[in-house]
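Student: Sequence unavailable; structure follows:
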């Protein structure tokens, strides 16, 4: 099998496979074509790919020869017209949001896989890009907040007086939220966290944060650990609790999302107006509507003296380590598509392969995506 590694379009700076991943795949008897400059933004030069056993070529050669094409994000519209029937596409392209792209893949009779639909199972943990990249996002969110906050995170005691530690509120205790809690605590902040899933309470408290508990949350074991839509009565109690904590917070980090749905609104414009001037909101859910009513995706705005940063792609700001984690996830997944002789082997009896496949043989293959497009 010939695997083609494509260069992502800026502002995406990550690369889907680093030279170490390429060497591993070459050892599995595959041929790797790397587009010139594919890893440059992630500090992996062409010579490193060549030394790993890949052929570094121009984009048109990758597109003409590769059986399977891989990059980090969804393809540009201009690239779609250059893809060939029967080719396989692999990236993190958010099919529940990019429905038109899913339909285009089906029309082109392309088999496509989206890494963000990897089943959240124990066997698939080593391929879970959502978790690995959320780790980066949670880390960077706290650093960004510290840069924009006009006060210290930790407590300081000196002859000039005592500086109280910052109060940080984290909304959503998934991977990004837990990482944000851990980093904020290491930086000396007082941290409180909210999540509708009571199962994460112990994890939150083990990191030294207080858990904001609201009784009556609906949980669904079939949701694979994700948050689910809540009742209106619960949402009202939830909002009251969040409003009280947000008004006292110096930093609010928003990470709450529901796969395939608009992000839940947790911080209204009225709550922003009640926050302390100089406070900071980091909204990691801004690309799906945002947890804060005043967030604007990929923008930093100031409202009522509060700095609101809408940023859904912090991993691209840490391209070296984010690519290392992403590339390991992709390489582990590709293992499932390669037989002992280095040939392509699509085993749809494998739950991970089946769950990650979005289109196949001209049809939308993934049942969840199919239900959204119906």
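Tutor: Arrived safely. Because the structure is predicted, anything quoted here is derived from the model rather than measured.

Student: low pLDDT regions in the chain?
Tutor: 216-230, 374 (pLDDT under 70).

Student: What ranges does it have for its helices?
Tutor: 19-27, 46-51, 59-65, 77-80, 99-107, 129-148, 175-186, 201-206, 232-248, 269-274, 319-334, 351-356, 367-373 (DSSP state H).

Student: Tell me the spacing between the residue nearest to residue 143 when sequence neighbours are not counted and residue 44.
Tutor: Among residues not flanking residue 143 along the chain, residue 183 sits closest, at 7.4 Å (CB to CB, 6 or more residues apart in numbering). In this view, the C-beta of every residue, glycine as well, is placed from N, C-alpha and C. Between residue 183 and residue 44 the distance is 26 Å, computed by CB to CB, to the nearest Å.

Student: any idea how far residue 330 is from residue 133?
Tutor: Where residue 133 is concerned, residue 330 sits at a distance of 12 Å (CB to CB).

Student: hmm, back to that, and of the helices of the chain, who's closest to residue 299?
Tutor: helix 129-148 (13.3 Å; CB to CB).

Student: so what secondary structure elements neighbour the closest one?
Tutor: Counting contacts by 3 or more CB pairs under 8 Å, 6 or more residues apart in numbering; DSSP states H and E, helix 129-148 is packed against helix 175-186, strand 251-254, strand 280-283, strand 306-310, helix 319-334.

Student: and residue 204, what is it in contact with?
Tutor: For residue 204, the contact set (CB atoms under 8 Å, 6 or more residues apart in numbering) comprises 173, 178, 181, 193, 195, 210, 211.

Student: Between residue 183 and residue 44, point out the one with more neighbours.
Tutor: Neighbour count, other CB atoms under 10 Å: between residue 183 and residue 44, residue 44 has more, with 26 against 23.

Student: wait, what's in contact with that one?
Tutor: Residues near residue 44 by CB under 8 Å, 6+ apart: 15, 18, 19, 38, 323.

Student: Neighbours of the last one, how many?
Tutor: For residue 323, the count of nearby residues is 26 (other CB under 10 Å).

Student: any idea how far residue 56 is from it?
Tutor: 17 Å.

Student: Equivalent analysis for the second one, please.
Tutor: Residue 18 sits 14 Å away from residue 56 when distances are taken as CB to CB.

Student: Of these two, which one has the most company?
Tutor: Higher neighbour count among residue 18 and residue 56: residue 18, with 27 against 21, using other CB under 10 Å.

Student: didn't the more buried one look like it was pressed against residue 327?
Tutor: Yes - with contacts counted by CB atoms under 8 Å, residue 18 reaches residue 327, the gap being 4.6 Å.

Student: Identify the residues contacting residue 291.
Tutor: Listed by CB under 8 Å, 6+ apart, the contact set of residue 291 reads 171, 172, 254, 255, 256, 263, 264, 265, 266, 267, 283, 285.

Student: Pop the domain breakdown of this protein in here.
Tutor: Split into domains by automatic domain parsing, the chain comes to 2-117+319-367, 133-317.

Student: For residue 126, which of the ones you listed is the nearest?
Tutor: Closest among the domains of the chain, once you apply CB to CB, is domain 2-117+319-367, at 4.5 Å.

Student: follow-up on the earlier one: mind checking which of the contacts of residue 291 land in strands?
Tutor: In strands, defined here by DSSP state E, the members of these are 171, 254, 283.

Student: and the first one, how many neighbours does it have?
Tutor: The local packing count at residue 171 equals 28, with neighbours defined by other CB under 10 Å.

Student: ok now do it, which residues does it touch?
Tutor: Contacts for residue 171 (CB under 8 Å, 6+ apart) come out as 177, 193-195, 242, 252-256, 266-267, 291.

Student: how about the residues you listed in CSV, adding distance to residue 233?
Tutor: Below are the contacts of residue 171 laid out as CSV (distance: CB to CB, whole Å):
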residue, distance to residue 233
177, 24
193, 22
194, 17
195, 18
242, 15
252, 24
253, 26
254, 23
255, 24
256, 18
266, 16
267, 20
291, 20
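
Student: which one among those gets closest to residue 87?
Tutor: Nearest member of the contacts of residue 171 to residue 87, counting by CB to CB, is residue 255, at 35.1 Å.

Student: if I look at the closest residue to that closest one other than its chain neighbours, how far off is residue 146?
Tutor: Using CB to CB, 6+ apart and skipping residues adjacent in sequence, the residue nearest residue 255 is residue 172, 3.7 Å away. In this view, residue 172 and residue 146 are 19 Å apart by CB to CB.

Student: Among the two, which residue is more densely surrounded?
Tutor: Remark: of residue 172 and residue 146, residue 172 carries more neighbours, 29 against 19, as counted by other CB under 10 Å.

Student: For beta bridges, what are the partners of residue 158?
Tutor: Beta bridges link residue 158 to residue 161, judged by DSSP bridges.

Student: meant to ask about residue 193
Tutor: On the basis of DSSP bridges, residue 193 is bridged to residue 170, residue 211.

Student: show me what contacts it?
Tutor: Residue 193 sits next to 169, 170, 171, 173, 177, 181, 204, 209, 210, 211, 212 when contact means CB under 8 Å, 6+ apart.

Student: which residue packs closest to the fifth one, ignoring adjacent ones?
Tutor: Read that as residue 177. Computed as CB to CB, 6+ apart, the closest residue to residue 177 that is not its neighbour in sequence is residue 255, at 4.4 Å.

Student: thinking the one you found is in contact with residue 176, fair?
Tutor: Yes - the pair residue 255 / residue 176 is scored as a contact, 4.4 Å apart, by CB under 8 Å.
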